[in-house]
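Here's a sequence, model it:
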Amino acid sequence: MKEFNGIGVVLENRFYGTSGPFGNSSTTDELLFLATEQIIADHEAFAKKVHLPGVNNGINAPSTPWILYGGSYPGALSAFTIKAYPKTFYGAIASSAVIHAQVEYPQWYDPIQLLGPQDCIASVNDIVDKMDSLVASSNHAAIQELKDIFGLTALKDIRDFAQTIAFPIGGPFYYPSNTWQEINWNPQYAHRDFFYFCDNVTNTNAAPETTAVDHALAKHTGGKPWKNLGNYAAYVKRVILPLCESGDYDSPDCFGTQHPAWWANTTTGAERSYLYSTCTEFGAYQAAQPVGKKSLLSRVINSTYTQEWCNWAFPKGKYNTIPASPDLAKWNAFGDFNFTADRLLFVDGSADPWKDLCYHSDLAPRREWDSQPQHLINGAGHVWDLRTLDDIDAEPQYIREATKLEIRTVGAWLKEFASSGFAS
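Numbers count the residues shown, from 1 in each chain. Below you'll find the model as predicted:
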């Protein structure tokens, strides 16, 4: 905007913030209007019709070049919008844009598995494997011992327990603490909580009463200790449990998810709106890796866990019923991993937990600029290119060059606009 003397408008999605078509209510029937095709139609109507205070007429699309720029879910919407309305919008940048939908998304944990401190990662992997062996053998007494070690005996559902102890690592939908996703190069937006977690899990100077916990369950695992279990549990007790102010850990306000009435609350909110989109179109349900592959999340967590929340939150209405499983075709219809559009730039980060739903997914073909403008930022996390500095040259090397690439790309588009005949 500074470079090209542009006007920036942050547009709120329907059913988010104060943009509730039905006030503070979002029943299943009312949420019929929270659909990707309607959201991007909002974008088109806005660009064509908006009157901005203090701005002269003549700025509406397509007579003036409108450039979309979104990150994450809005990144996907930016890509979808320019694909659906190529005669209204002149260009778009889609940052960490989740253009691919799938039901289970265990790949969220892949960058953490690969790039997290490896002694910490190995400890969590081993603890998860040992926990899952107790589940597989139906050793309920040992599982209760494990819950007690973490101070979470109150959690009745083993999946709630598995999710709660994974909060410091992260999950795609529900987590009350900062995770891998919140790591950022820009100190203004960054959180180091994940690394504090790993520092604590791998603490070699822990008190004897903490390290003794590593042997508490060895009798259930062939005499093999659970390395760093004491450190892991101590961190959860000190950092995660206090987030439950009431101390009622199994309540829906804390860590218990098995409360259908709580999910059925129709008050409009960002989490409810996002859950609806995941349940109906996007998926990406938090899930563990299968047996035989290292996992940072217990394998009791699969798509069934999240689908229960969907069914409780959105019971059948008079006019609308959610599908038994997300209708991925609605999301993937815009192009999926074969996405192409004129004047659309995809920018992703190689360390982003959402990367495998983005243009640069390891599941997608190898990417070349000639087929679609694109850039993968080395070592970057989720939407790292959105956190720029006023002084671009002060940004870290790979962020700086991504920022300059985006400016060059938009500059080239704008130079072409006057002679393109686009506005005619």
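
what's near enough to touch residue 208?
With contacts defined as Cβ atoms under 8 Å, 6 or more residues apart in numbering, residue 208 has no neighbours. The C-beta positions use only the backbone N, C-alpha and C, and glycine is treated the same way.

Retrieve the pLDDT associated with residue 172.
Residue 172 is assigned a pLDDT of 66 by the prediction.

what ranges of the stretch 251-400 of the chain fall below the confidence cut-off?
The model of the stretch 251-400 of the chain has no residue with pLDDT under 70.

All the strands of it, residue numbers only.
283-285, 344-349, 374-377 (DSSP state E, counting those that start in this stretch).

The second one - contacts with which helices or strands?
Secondary structure elements in contact with strand 344-349, counted by 3 or more Cβ pairs under 8 Å, 6 or more residues apart in numbering; DSSP states H and E, are helix 73-84, strand 91-95, strand 374-377, helix 397-420.

looking at these, which is closest to residue 307?
Residue 307 lies closest, by Cβ to Cβ, to one member of the helices and strands packed on strand 344-349: helix 73-84, at 19.9 Å.

now the angle from the closest one to strand 344-349?
Relative orientation of helix 73-84 and strand 344-349, computed by axes from the mean of the first three to the mean of the last three Cα atoms, to 10 degrees: 160 degrees.

one step back: need the strands of the stretch 251-400 of the chain in TSV with mean neighbour count, can you?
Compiled in TSV, the strands of the stretch 251-400 of the chain are given as follows (neighbours: other Cβ atoms under 10 Å):
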stretch	mean neighbour count
strand 283-285	25
strand 344-349	27
strand 374-377	20
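
Show me the one of these that comes nearest residue 49.
strand 344-349 (23.3 Å).

before we move on, back to that, looking at the helices and strands packed on strand 344-349, which is nearest to residue 18?
Using Cβ to Cβ, these put helix 73-84 closest to residue 18, at 17.0 Å.

by contact count, what packs against that closest one?
Helix 73-84 packs on helix 36-49, strand 67-71, strand 91-95, strand 344-349, going by 3+ Cβ pairs under 8 Å, 6+ apart.

what sits up against it?
By Cβ under 8 Å, 6+ apart, helix 73-84 touches 13, 36-37, 39-40, 43-44, 68-70, 89, 91-99, 274, 277, 331, 334-335, 339, 341-344, 346, 383.

cool, stretch 111-128 as well?
169-170, 180, 194-195, 197-198, 201-202, 226-229, 231-232, 288, 294-299, 350-353, 355.

List the buried residues in that stretch.
Neighbour counts over stretch 111-128 (16 or more other Cβ atoms under 10 Å) mark 111-113, 116, 120-128 as buried.

Just the mean pLDDT for that stretch, thanks.
Computed over stretch 111-128, the mean pLDDT rounds to 98.

Next: stretch 7-18.
For stretch 7-18, the per-residue pLDDT averages 94.

just stretch 408-424 next, same as before
Averaged across stretch 408-424, the pLDDT comes to 93.

what distance separates it from the centre of its chain?
33 Å (Cα atoms, centre = their mean, to the nearest Å).

Quick check: buried residues in that stretch?
Buried, per 16+ other Cβ under 10 Å, within stretch 408-424: 409-410, 413-414, 417, 422.

if we take these, which one ends up nearest to residue 318?
Nearest member of these to residue 318, counting by Cβ to Cβ, is residue 422, at 43.8 Å.

From residue 287, how far out is the closest one?
44 Å (Cβ to Cβ, to the nearest Å).

now do residue 72
For residue 72, the distance to residue 287 - Cβ to Cβ - is 19 Å.

what's the answer for residue 88, then?
38 Å.

So for the two, which residue has more residues nearby?
residue 287 (24 against 19; other Cβ atoms under 10 Å).

rewinding a little: ok, which of the helices and strands packed on helix 73-84 comes nearest residue 222?
It is, among these and with distance given as Cβ to Cβ, strand 344-349, at 41.1 Å.

Between helix 397-420 and that closest one, find me the angle.
Using the same axes, to 10 degrees: strand 344-349 against helix 397-420 is 170 degrees.

List the contacts of strand 344-349.
By Cβ under 8 Å, 6+ apart, the surrounding residues in contact with strand 344-349 are 79, 82-83, 91-97, 339, 355, 358-360, 367, 372-377, 379-385, 402, 406, 409.

With stretch 217-224 instead?
Outside stretch 217-224, the residues touching it (Cβ under 8 Å, 6+ apart) are 130, 133-134, 139, 142, 145-146, 149, 225-226, 229.

Looking at those, which are in helices?
130, 133-134, 142, 145-146, 149, 229 (DSSP state H).

tell me which of the residues you listed is nearest to residue 250?
residue 146 (16.0 Å).

residues contacting the closest one?
Counted by Cβ under 8 Å, 6+ apart, residue 146 has contacts 131, 134, 217.

can you check residue 231 too?
Neighbour list for residue 231: 123, 200-203, 206, 210-211 [criterion: Cβ under 8 Å, 6+ apart].

again, only using 6 Å
Residues near residue 231 by Cβ atoms under 6 Å, 6 or more residues apart in numbering: 200-201, 203, 206.

Is it within a helix or a strand, and which one?
Using DSSP states H and E, the element containing residue 231 is helix 229-235.

looking at it, residue 377 is touching residue 397, isn't it?
No: the pair residue 377 / residue 397 is not scored as a contact, 10.2 Å apart, by Cβ atoms under 6 Å.

could I get the buried residues of stretch 408-424 as CSV with distance to residue 27?
What follows is the buried residues of stretch 408-424, written out as CSV (distance: Cβ to Cβ, whole Å):
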residue, distance to residue 27
409, 43
410, 41
413, 42
414, 44
417, 44
422, 41
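
Mind telling me the two of the residues you listed farthest from one another?
409 and 422 (16.5 Å).

ok, how many other residues are close to residue 378?
With other Cβ under 10 Å as criterion, residue 378 counts 12.

Show me which pair in the ones in helices among the contacts of stretch 217-224 is furthest apart.
133 and 149 (15.9 Å).

Of the two, which one has the most company?
Using other Cβ under 10 Å as the criterion, residue 133 and residue 149 rank with residue 149 on top: 21 against 15.

Excluding chain neighbours, give the residue nearest to that one in space.
In this structure, residue 149 finds its nearest non-sequential neighbour in residue 233, 4.9 Å apart by Cβ to Cβ, 6 or more residues apart in numbering.

Looks like that neighbour contacts residue 150 (just checking).
Yes: in this structure residue 233 lies within contact range of residue 150 using Cβ under 6 Å: 4.8 Å.
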